[in-house]
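**Student:** here are the coordinates; sequence isn't available:
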């Protein structure tokens, strides 16, 4: 079993100045890719560009623009993007530091969101994830992914529908749609973990072994990792709902409240799963203890049966000369003494076995 890694590499050096841009994480794509979605109620245009300068006509137009960047390792290319939108150095630092907790930060020219996208790898049966940074500005949204996973495909599909609400709303609704998509992935992940939990429960009721204990431990690690990733998102959404921002309309906050309710439900489910996995651990330990008790019970009964037999054998095994002792042991020189001793021991053993069975100890 491989432990879950929270940090993919060493964090920045102690004492570094705030806003120091250093990529902390894995390189998940070869090249940084940029997709631009320019839309309004009447049209949508989707293009892939090589340089951020190519999107300037879209950003300056009155329509809404969504720019999705995949890959965080090319600092120079990212700096060109950041300079075009005059992003604060602290935002730049947080985007490439992939160990951030979910949060919302308000700046003069934008709102910065950061969350962690989680999904379940069915092939390797592991929980995987990546950091998603979202920047909401006036008429534009920037999103930064670590990988090229098509996690926002549902949002793009909704944009391609001419009568969809997302086409007629401002960019704050697009930011909501992206956050809502991330939240929906949490539900899919919890469903996969629930199936794995049911399999472990079946093993516990059948005949658990060391592999079952290993599966319980791995599942507990996954749940702890999910909780650590998801829990701060509730505080982030609460900040969105309560704080006043010129970039988020009151009409859109209704949808953010819905995502907040979903997040609370997800956290409740994670806490329930954590309690269940602890119960499974206790159930496994009880099974191991009961199994050990059964073994000790059998050994104790066998030892108890042989105690009187050993006593009899010890009596007749004493090296006394019958003719020299005033207390004669006639059985030692009796012709039927040996088979009689065996008979006594067998009868005593049978009596003890019958007694144990009547007591319910066997």
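**Tutor:** That came through fine. Keep in mind that this is a model prediction, so the values were computed, not measured.

**Student:** Report all helices and strands that the longest helix along the chain contacts.
**Tutor:** Longest helix of the chain, by residue count under DSSP state H: helix 250-316. Counting contacts by 3 or more Cβ pairs under 8 Å, 6 or more residues apart in numbering; DSSP states H and E, helix 250-316 packs against helix 171-206, helix 210-242, helix 337-359. C-betas here are computed from N, CA, C, even on glycine.

**Student:** and the first one, how far out from the chain's middle?
**Tutor:** Averaged C-alpha coordinates place helix 171-206 at 10 Å from its chain's average position (Cα atoms, centre = their mean, to the nearest Å).

**Student:** Equivalent analysis for stretch 209-229, please.
**Tutor:** For stretch 209-229, the distance to the chain centre is 7 Å (Cα atoms, centre = their mean).

**Student:** And for stretch 61-81?
**Tutor:** 30 Å.

**Student:** swap in stretch 229-248?
**Tutor:** Relative to its chain's centre, stretch 229-248 lies at 23 Å (Cα atoms, centre = their mean).

**Student:** How about residues contacting that stretch?
**Tutor:** The contact list for stretch 229-248 (Cβ atoms under 8 Å, 6 or more residues apart in numbering) reads 101-104, 106, 110-111, 113, 115-116, 118, 129, 136-138, 171-172, 175, 179, 183, 186, 253, 256-257, 259-260, 263-264, 266-267, 270.

**Student:** Report the buried residues of that stretch.
**Tutor:** Neighbour counts over stretch 229-248 (16 or more other Cβ atoms under 10 Å) mark 229-234, 236-240, 247-248 as buried.

**Student:** Quick one: buried ones out of the contacts of stretch 229-248?
**Tutor:** Among the contacts of stretch 229-248, those classed as buried by 16+ other Cβ under 10 Å are 102, 104, 110-111, 113, 115-116, 118, 129, 136-137, 171-172, 175, 179, 183, 186, 253, 256, 259-260, 263, 266-267, 270.

**Student:** Spatially, what comes nearest to the most centrally placed residue in the chain if we skip its sequence neighbours?
**Tutor:** Centroid check for the chain by Cα atoms, centre = their mean gives residue 222 as the closest residue, at 2.2 Å. For residue 222, ignoring the flanking residues on the chain, the nearest one in space by Cβ to Cβ, 6 or more residues apart in numbering is residue 127 at 4.7 Å.

**Student:** so the one you found makes contact with residue 120?
**Tutor:** Yes. Using Cβ atoms under 8 Å, residue 127 is in contact with residue 120, at 6.1 Å.

**Student:** after the helix or strand hosting residue 142 comes which helix or strand?
**Tutor:** Residue 142 belongs to strand 140-145 when assigned by DSSP states H and E. Note on strand 140-145: by DSSP H and E, the next helix or strand toward the C-terminus is helix 153-159.

**Student:** So for that following helix, what gets flagged as buried?
**Tutor:** Buried residues in helix 153-159 (16+ other Cβ under 10 Å): 155, 159.

**Student:** re earlier: give me the common contacts of residue 127 and residue 120.
**Tutor:** Residues touching both residue 127 and residue 120 (Cβ under 8 Å, 6+ apart): 189, 193.

**Student:** Now residue 246: phi and psi?
**Tutor:** The phi and psi values for residue 246, taken as degrees, to the nearest 10, are phi -70, psi -10.

**Student:** And the one 3 residues further on, by the same measure?
**Tutor:** When quoted as degrees, to the nearest 10, the phi and psi of residue 249 stand at phi -80, psi 160.

**Student:** does it really touch residue 175, like I thought?
**Tutor:** No. Using Cβ under 8 Å, residue 249 is not in contact with residue 175; the gap is 11.2 Å.

**Student:** what's the least confident helix or strand in the chain, going by average pLDDT?
**Tutor:** Least confident helix or strand of the chain, by mean pLDDT, DSSP states H and E, is helix 337-359 with a mean of 81.

**Student:** How is residue 117 assigned, secondary-structure-wise?
**Tutor:** strand (DSSP: H, G, I helix; E, B strand; the rest coil).

**Student:** For it, which residues are in contact?
**Tutor:** 129, 130, 131, 132, 149, 151, 182, 185.

**Student:** which of those residues tops the neighbour count?
**Tutor:** In terms of neighbours by other Cβ atoms under 10 Å, the contacts of residue 117 top out with residue 131 at 24 neighbours.

**Student:** Can you name the residues bridging to that one?
**Tutor:** residue 116 (DSSP bridges).

**Student:** Quick check, pLDDT for it.
**Tutor:** In this prediction, residue 131 carries a pLDDT score of 95.

**Student:** Same question for the one 5 residues further on.
**Tutor:** Per-residue confidence for residue 136 comes out at a pLDDT of 96.
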